[in-house]
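Colleague: no sequence for this one, just the structure:
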């Protein structure tokens, strides 16, 4: 049953500051059906969760529009609890389709795919500068595919097209479009409403110059006095005054009306005040003061016609009125100019994300060639063009040179050269062949292959990363972020406080002037209190405070992602500064994933196939497997003489109908749908061994992953024989009732003591295969330098936790200079979690770094959980940070970046508070006695500059180097690296593989040696 709880991602215009966030949240408070609202200030995005049975998306849209916020583009459903339903969307232009036609299409779809379609929705929509109807279809992908739905619609349209001109009909493009909401998020918004348009910006500049010339420059020259008072020297109603009055009125209508409406709605409906409130009060007060002076001076002029100094007096009166009109107009024009530059500065921040997810690259492959194959050798039968959003799991597509991959999957035939810079932050080129899994975001540089889709576009790694980045930028994640929480409380009270201060300043100056305590050297002494109050209102800037944190957060998140670090939660900005303990998991973290199967033992034939790496080649050797209680390593090639001491006779009844190739085929079928590194390795090896051979095994039912292995049933298609299979370690086999003889157990234990990973596979409870994986040679080359830097430069306490044997952990810890008291071996997932709890009870703040596969509990328990790879959805759920490039230097970079970001936030806050504290007494006229005051025009200019300066300070973060592996100022890094291999090779257990280093490891070495 479909859940009523949905989550939508909305792009909303006119979100400019923290007050806008408060306004949006307040507008939904008390609304029935609303669960939560998140607001991303910088990206102007809103993520809203609601119960669609109580409130509709149209109602939400109406609420936003009532508050002067407008949804741009199509709202995107980012989460649904609907039994893995998928959605496809099609746009039908009104020029080509009538509503009756669409009604008939919907009816035919329901009849054709009964049970497969869940819901069809239709709404008015504008796309590609055309008005039309957007049809959204929810369907069950196990029953039908989106591509079938599109073909059905095309068939219906073709049947209805009149045959007026067959020549025009042939080869014509479809009259409806596939709408992809995911890709649309990466497009530059053509309908995006900027805070200030370029036209308004130019108009504001022209009006500002006009005010400055006519109101501030010309009156200082006596030459222009006749012009200023023309035509009546004894009257204030000169052409000059009338011109300025109408210019100011036009300015208030053009630039003030939206501000006044927004301030009015915000206060009347939500009893809230923001910067618009201050601008409204300041500009209208100045304008009303000018009207008041016009009335007063007109009456005074009629009573003082006989005065000899009438001309001079009238000029003073005119200039007092002009001064207030100038203030009213310039307040709005200067703020408009400031908002324009502030928007441009914010735009440079958001362009960083556009560089990480470049539109031209992501949108260059909207369609691909979907293929149907003849056989299991993947020979192509036919191929046809298909939109990327219509592909389903299991579909086969062709990857060719120049394509950008937007899906996750595996190569089943052919090979290509690839760069995967988006998801893994690496620009090194590598070769991907049959069995290689590729993540979305990869660029195909050369070659061609057939690619099988494993994750559709909305579930692909690329779009999950983009989604997590958007969530990290949103306001909801920062509810525990101390600085942000403080600013939210402060911003809600700031404007009210400024208004109160303005009233106090007005009252104080009125009293001082009324009792002749202070003598004001101006013609209109009672105008002075109004000017001081207005200056207070327009000088104070809540936006500088509101931008101090979000601007830094956005830049930091994008800088991190550009370096291959995905930060999921902005709560770590403060918590990372408190971290004093860093815990490393061994396997998959300090060590890379196993990439080589050392031996394959077929127990039914007592044979072991050994794969040895020699001078960049893999040498395969077959030797006799000894069923002996005196254990020896079958891979040890120095012992070629069979050791028959203790030889025993096995009583196991092996399945003689299964060959080695059959067992590899079964391994591939069972491991295909799992993302564990060992599963990926076994699947890739199985695919490579099945080249030119048709597999005769299929899954009887979906295999499931247990704690220590996999359980599944397969069927042999030739005779429909079913086999119950177990793949895992000895503990997994014992837990599921497998029959294990002593010699097998002891052999496996012997290999495990040597630091090797042993995998067994049973068929119907009988062990058939023993796989040996050697992970001795995969210590990350940067591990020692990183741990040394963490201890000596950052003063962190480093621990190592592992489920491996004590000997293995001790050997690794000794090489990495980790004290024995900080080494913990033979500890399972629950034990790691308990250890982290103990550290927290001792008031230790812990960062846990694991592979995200068997460290889920500890990643969640830690103050900050860091996953060192992104090979599964589990990483995205369990961790706070994901290191996409799998380089341990990224841990150091993360800490340095976060510390730098926190310092920049404090600098922004110091500037924002200092500005308001300094400007308040100046604007209030405290220094009037020393001859130092500022006009409302200067106050509004300084307010705009304060916001611009905050954003510019945040942008300086781009110039800071936070990766120590590329820093010339750390001479010890080179020494660490030069002696690393020699010390490493002298260890009795650890060895370095110098012959099979991947392109990524080579790249890491180059970076460290810079």
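Modeller: Good, I have the coordinates. Keep in mind it's a predicted model, so treat the numbers as computed, not measured.
Colleague: going forward, measure contacts and count neighbours with C-alpha atoms only.
Modeller: Fine.
Colleague: Which secondary structure element of the chain has the lowest mean pLDDT?
Modeller: Lowest mean confidence among the helices and strands of the chain (mean pLDDT, DSSP states H and E): helix 980-985, at a mean of 36.
Colleague: Need the mean per-residue confidence for stretch 6-15.
Modeller: Across stretch 6-15, the average pLDDT comes to 79.
Colleague: Provide the secondary structure category for residue 288.
Modeller: With DSSP: H, G, I helix; E, B strand; the rest coil as the basis, residue 288 sits in helix.
Colleague: Give me the neighbour count for it.
Modeller: The local packing of residue 288 (other CA atoms under 10 Å) involves 14 other residues.
Colleague: Next, the contact list for it, please.
Modeller: The contact partners of residue 288, taken as CA atoms under 8 Å, 6 or more residues apart in numbering, number zero.
Colleague: how far away is it from residue 316?
Modeller: Per CA to CA, to the nearest Å, residue 288 is found 18 Å from residue 316.
Colleague: what ranges do the helices span in the stretch 201-350 of the chain?
Modeller: Along the stretch 201-350 of the chain, counting by DSSP state H, counting those that start in this stretch, helices occupy 225-229, 239-251, 257-270, 275-303, 310-356.
Colleague: Name the residues of the fourth one that are buried.
Modeller: If you call a residue buried by 16 or more other CA atoms under 10 Å, then helix 275-303 has these buried ones: 275-287, 289-291, 293-294, 297-298, 301.
Colleague: Specify the angle between it and helix 239-251 in degrees.
Modeller: Counting by axes from the mean of the first three to the mean of the last three CA atoms, to 10 degrees, helix 275-303 lies at 160 degrees to helix 239-251.
Colleague: Tell me, please, where in the stretch 701-850 of the chain the pLDDT is lower than the cut-off.
Modeller: 707, 755, 774-777, 805, 807-808 (pLDDT under 70).
Colleague: and if we set it to 90?
Modeller: 701-709, 713, 715-722, 728-759, 764-785, 792-793, 801-817, 820, 823-845, 849-850 (pLDDT under 90).
Colleague: Tell me where it has helices.
Modeller: Using DSSP H, counting those that start in this stretch, helices in the stretch 701-850 of the chain cover 730-735, 742-753, 783-792, 806-815, 829-841.
Colleague: closest one to residue 666 among these?
Modeller: helix 730-735 (17.0 Å; CA to CA).
Colleague: Please look at residue 730 and residue 760 and confirm they touch.
Modeller: Yes - with contact defined as CA atoms under 8 Å, residue 730 reaches residue 760; the gap is 7.3 Å.
Colleague: of the helices of the stretch 701-850 of the chain, which approaches residue 107 most closely?
Modeller: With CA to CA as the measure, helix 730-735 is the member of the helices of the stretch 701-850 of the chain nearest residue 107 (52.4 Å).
Colleague: Flag every buried residue along that closest one.
Modeller: For helix 730-735, burial by neighbour count (16+ other CA under 10 Å) applies to 730, 732, 733.
Colleague: quick one: it to chain centroid distance?
Modeller: Mean-position distance between helix 730-735 and its chain equals 40 Å (CA atoms, centre = their mean, to the nearest Å).
Colleague: Give me the contacts around that helix.
Modeller: With CA under 8 Å, 6+ apart as the criterion, helix 730-735 contacts 706, 707, 708, 709, 726, 727, 740, 745, 748, 759, 760, 762.
Colleague: Please pick the buried ones from the residues you listed.
Modeller: Buried among the contacts of helix 730-735 by 16+ other CA under 10 Å: 708, 709, 726, 727, 740, 748, 759, 760, 762.
Colleague: Among the buried residues of helix 730-735, which one lies nearest to residue 537?
Modeller: Each of those was scored against residue 537 by CA to CA, and residue 732 proved nearest at 71.7 Å.
Colleague: who's in contact with residue 671?
Modeller: Residue 671 sits in contact with 679, 680, 682, 683, where contact means CA under 8 Å, 6+ apart.
Colleague: measure it to residue 681 for me?
Modeller: 9 Å.
Colleague: Ok, residue 36 next?
Modeller: Taking CA to CA, one finds residue 36 at 42 Å from residue 681.
Colleague: same question, residue 28
Modeller: From residue 28 to residue 681 the distance is 50 Å (CA to CA).
Colleague: related to what we said a few turns ago, and residue 36 and residue 681? Which one has more around it.
Modeller: Shown here are residue 36 and residue 681; by other CA under 10 Å, residue 681 has more neighbours (21 against 14).
Colleague: Kindly state the pLDDT recorded for the more buried one?
Modeller: In this model, residue 681 carries a pLDDT of 81.
Colleague: State the helix or strand in which it lies.
Modeller: helix 677-689 (DSSP states H and E).
Colleague: And that helix, what's buried?
Modeller: For helix 677-689, by 16+ other CA under 10 Å, it's 677, 678, 679, 680, 681, 682, 683, 684, 685, 686, 687, 688.
Colleague: so who does the fourth one touch?
Modeller: The contact partners of residue 680, by CA under 8 Å, 6+ apart, come to 437, 671, 672, 674.
Colleague: Tell me which two of these sit farthest apart.
Modeller: Among the contacts of residue 680, the pair separated by the greatest distance (CA to CA) is 437 and 671, at 12.9 Å.
Colleague: now residue 904: how far from residue 278?
Modeller: 28 Å.
Colleague: do residue 838 as well
Modeller: 52 Å.
Colleague: Check residue 826 too.
Modeller: From residue 826 across to residue 278, the span is 64 Å (CA to CA).
Colleague: same thing with residue 97?
Modeller: 50 Å.
Colleague: for residue 672, same thing?
Modeller: 63 Å.
Colleague: Which stretches in the stretch 901-1010 of the chain count as helices?
Modeller: 936-955, 972-978, 980-985, 999-1009.
Colleague: quick one on the thing from earlier: least reliable of the helices of the stretch 201-350 of the chain going by mean pLDDT?
Modeller: If the helices of the stretch 201-350 of the chain are sorted by mean pLDDT, helix 225-229 sits at the bottom with a mean of 63.
Colleague: what's the pLDDT at residue 622?
Modeller: Reported pLDDT for residue 622: 49.
Colleague: Pull the contacting residues for residue 242.
Modeller: Residue 242 is in contact with no residue at all, counting by CA under 8 Å, 6+ apart.
Colleague: so how far is residue 667 from it?
Modeller: According to CA to CA, residue 242 and residue 667 sit 90 Å apart.
Colleague: Repeat that for residue 456.
Modeller: With CA to CA as the criterion, residue 456 and residue 667 are 24 Å apart.
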